[in-house]
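**Q** Could you look at this predicted model? Sequence included:
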Amino acid sequence: VLCVAQDFDFFYFVQQWPGAYCDSRQRCCYPKTGKPTADFGIHGLWPNYKNGGYPSNCDRDSVFDESQIEDLLPQLQKFWPTLSCPSGDGVKFWTHEWEKHGTCSESEMDQHDYFVAALKLKEKANLLQILKSAGIRPDDGFYEVESIVEAIKEGTGFRPGMECNVDSSRNSQLYQVYMCVDTSGTEFIECPILPKGRCGSSIQFPRF
Ligand code: 5GP
Ligand code: 5GP
Ligand code: 5GP
């Protein structure tokens, strides 16, 4: 795979379903600020190439600097919560995302702009609301993947990519939703290439 640390073609805006992160082999820990609301959270905004490859860690000199996003902390804690263990305040997660991915779109936006862009995209694509309106809600049942894809396409105008993981009973379940965004980080676009989905045809949308 070619990994050129330069330009990029589009972003994947990736949201994670906390129920599926926690209800899996990796288990989870709630952030120090408390259990997140039962909603999709931001995982990241990832520069990508249209051949499916992507640049990463593009600028070793651009370290995450909390003082640049001080004003965004309440929103980041709410919409970009960390679920890994041990419990953290989010800084480790945001640092990882900025340094691995954000540094590859520095030609388009600085650190503050990058986090603002992700928060705005989250506001624009309210997946939980969209799914609920389509009668798809976190419960013990199974859904056809295609019905979830269709609902999101209907609600946002664009076809998303879906990633699943498995729960302790090996049931396939909705873990992450990928939406594509133009290089300015503001407008959703049709995906030039969908991520490799690993979902069964019928999947769970687990409670959180
Ligand atoms: P995994 O191996 O779990 O699929 O991915 C591990 C990490 O690699 C992700 O959290 C993300 O940082 C990065 N990654 C995986 N797939 C993609 C992709 O299609 N595009 C980009 N830009 N990063 C990805
Ligand atoms: P996969 O099995 O999904 O192709 O990739 C496994 C891991 O290899 C990903 O999680 C990611 O960390 C890395 N990887 C795959 N393709 C690329 C790429 O184009 N660029 C970079 N930087 N890492 C990649
Ligand atoms: P990526 O998969 O984007 O390369 O990176 C995910 C990294 O962030 C991993 O090192 C993971 O432990 C950490 N991380 C911290 N909190 C979270 C979370 O809530 N979800 C995910 N997927 N990764 C998290």
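**A** Perfect, I can see it now. Ligands and ions are numbered 1, 2, ... in the order given.
**Q** burial count for residue 101?
**A** 24 (other CB atoms under 10 Å). Quick note: C-beta positions are derived from backbone N, CA and C, even for glycine.
**Q** Please read the previous query as pertaining to residue 68.
**A** 15.
**Q** repeat for residue 65
**A** Neighbours of residue 65 using other CB under 10 Å come to 12.
**Q** Please name the nearest non-neighbouring residue to it.
**A** What sits nearest to residue 65 in space, not counting adjacent residues and going by CB to CB, 6 or more residues apart in numbering, is residue 111, at 6.4 Å.
**Q** Local confidence estimate at that neighbour?
**A** Looking at residue 111, its pLDDT reads 98.
**Q** same question, residue 166
**A** Listed pLDDT for residue 166 reads 95.
**Q** That one touches residue 198, doesn't it?
**A** No - using CB atoms under 8 Å, residue 166 makes no contact with residue 198, being 9.4 Å away.
**Q** Between the two, point out the one with more neighbours.
**A** residue 166 (18 against 12).
**Q** how much space is there between the nearest residue to that one once chain neighbours are set aside and residue 12?
**A** Counting by CB to CB, 6+ apart, the nearest residue to residue 166 once its immediate chain neighbours are dropped is residue 172, at 5.9 Å. Residue 172 sits 21 Å away from residue 12, going by CB to CB, to the nearest Å.
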